[in-house]
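> below is the sequence, then the predicted model.
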Amino acid sequence: APKPLLPAPTCLHPTLALQAIPFIALAPPVAKHLTSVLPAEVVDNCAMIQVCYGVTIVSFLGAVHWGVAMSSSLGMASAQAAQMANEAFIYSVLPSLAAWPVALMEPGAGSMVLAMLLPACYLADFARRNKGLPQWYMALRVPLTLAATFGMLLTATRQVHLEFDRAQQISSRAAAEASK
């Protein structure tokens, strides 16, 4: 029979919404309406700031598994426990290896990659849910993954729209030059 789902520690409840705020508030379609609370420099660079925050969060999601591996390797009583710790150590570095190049991308491409990496990390966590993660962890991950992915998709959509507008302007200028 499955174990009952234990509630998350009470200290996590207030921080849950705080963790999602940068993903939503820094999405350009939202940030442009927050000029009374965000400095102009933040609004102007919100997409890149959001992407950098996303890279940090994806790296953190891997670090959770490093912590699981560290704690489980302390009292390894069996070869199976050692194998689980080794798997956790290996998986723990994959999210950061996948995410760090995103910090070098343009915000449109970076936000799209993160919109794929965040759910991928969730699916990997789901696959590893019975391998040392606290029972409440997956319930915590669901709303955060959804909010973060939604925020990254908002940014990706906005950036694609901006690129489309730029391409139309270039095309219009080229057509005007050609007609002279």
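Everything's here; your move.
> for Met84, which non-adjacent residue is closest in space?
Using Cβ to Cβ, 6 or more residues apart in numbering and skipping residues adjacent in sequence, the residue nearest Met84 is Lys131, 5.3 Å away. Glycine gets a C-beta too; all of them are placed from N, C-alpha and C.
> gap between the one you found and Val58?
As judged by Cβ to Cβ, to the nearest Å, Lys131 and Val58 stand 20 Å apart.
> of those two, who's got more company?
Val58 (24 against 17; other Cβ atoms under 10 Å).
> helices or strands next to the worst-scoring helix or strand of the chain on mean pLDDT in the packing?
In the chain, no helix or strand scores lower on mean pLDDT, DSSP states H and E than helix 12-25, which sits at a mean of 78. On a contact count with 3 or more Cβ pairs under 8 Å, 6 or more residues apart in numbering; DSSP states H and E, helix 12-25 meets helix 46-74, helix 137-178.
> next one: the helix or strand containing Gln80 to chain centre, how far?
Element membership for Gln80 (DSSP states H and E) is helix 79-99. On the basis of Cα atoms, centre = their mean, to the nearest Å, helix 79-99 sits 19 Å off its chain's mean C-alpha point.
> for stretch 120-133, same thing?
Using Cα atoms, centre = their mean, the mean C-alpha position of stretch 120-133 is found 15 Å from that of the whole chain.
> mean confidence for that stretch?
On average, the pLDDT along stretch 120-133 is 91.
> the closest residue to Asp125 other than its chain neighbours and Leu61: what is the separation?
The shortest distance from Asp125 to any non-neighbouring residue, by Cβ to Cβ, 6+ apart, is to Arg141 (6.0 Å). Separation of Arg141 from Leu61 (Cβ to Cβ): 8 Å.
> same drill for those two, tell me which one is more crowded.
For Arg141 and Leu61, the more surrounded residue by other Cβ under 10 Å is Leu61, and the numbers stand at 24 against 20.
> quick one: residues contacting that one.
Pro95, Cys121, Asp125 (Cβ atoms under 8 Å, 6 or more residues apart in numbering).
> on that earlier part again, can you add distance to Leu26 and mean pLDDT and give the helices and strands packed on helix 12-25 back as JSON lines?
Listed next are the helices and strands packed on helix 12-25 as JSON lines, based on distance: least, Cβ to Cβ, whole Å; pLDDT from 0 to 100:
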{"stretch": "helix 46-74", "distance to Leu26": "4", "mean pLDDT": "91"}
{"stretch": "helix 137-178", "distance to Leu26": "7", "mean pLDDT": "90"}
